[in-house]
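[1] with the sequence up front, the predicted model follows.
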Amino acid sequence: MPTESKASPRRMRARDREVQALNLRKSGATYEQIGKALEITTQGAYKAIIRSLRKLNEKNSEGADELRRLEVERLDRMLAAIWSQVISGNQGAIDRALRIGERRAKLIGLDAPTKQEVTEPIRLLVEYAEQNQNVNDD
């Protein structure tokens with residue numbers, strides 16, 4: 001069975017409807033109101049908005065990946081520009097290289113998250129809950 005082209009009139013109308021639905025939702029309209037305005041069901045309005053949001057998220061994700069790659073390339077060029085000074089022992093260049101490396105590691109997710117100890121706040125929450133339980137039991 002032949003597939004429909006992305007530029008088919010039916011797909012173009014569906015995409016327009018998704019954009020209209022999202023704009024209406026952003027302006028505060030309910031799914032029911034959107035359905036009535038676009039002459040589709042409430043469920044159809046919901047699905048149109050979800051499809052539109054997914055497409056936006058995909059574009060944003062791709063854009064973020066491209067920007068991350070660009071930034072890593074910039075950092076690599078900066079490091080290359082000072083590398084001869086790093087090798088010769090220039091302390092300032094070494095410090096810069098370390099900062100570039102730290103930034104690069106953060107961007108590409110090399111650094112593991114730091115573990116935080118939260119036992120004190122949890123202990124306080126448990127004590128608070130126990131105190132309130134005793135009050136509610138009386």
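    Structure received.
[2] wait, A29 touches L38, no?
    No. Using CB atoms under 8 Å, A29 makes no contact with L38, being 10.1 Å away. (Each C-beta comes from the backbone N, C-alpha and C, glycine too.)
[3] can you give me the helices for the chain?
    9-26, 31-38, 42-87, 91-108, 119-137 (DSSP state H).
[4] roughly how far apart are the residue at minimal distance from the centre of the chain and E73?
    Closest to where the C-alpha atoms of the chain average out (CA atoms, centre = their mean) is S61, at 6.9 Å. To E73, S61 is 19 Å away according to CB to CB, to the nearest Å.
[5] what's the answer for I50, then?
    Applying CB to CB to I50 and E73 gives a distance of 35 Å.
[6] show me which of these two is the more surrounded one.
    I50 (13 against 10; other CB atoms under 10 Å).
[7] for G89, grab phi and psi.
    Backbone geometry at G89, expressed as degrees, to the nearest 10, gives phi 100, psi 10.
[8] tally of neighbours for it?
    For G89, using other CB under 10 Å, the count is 8.
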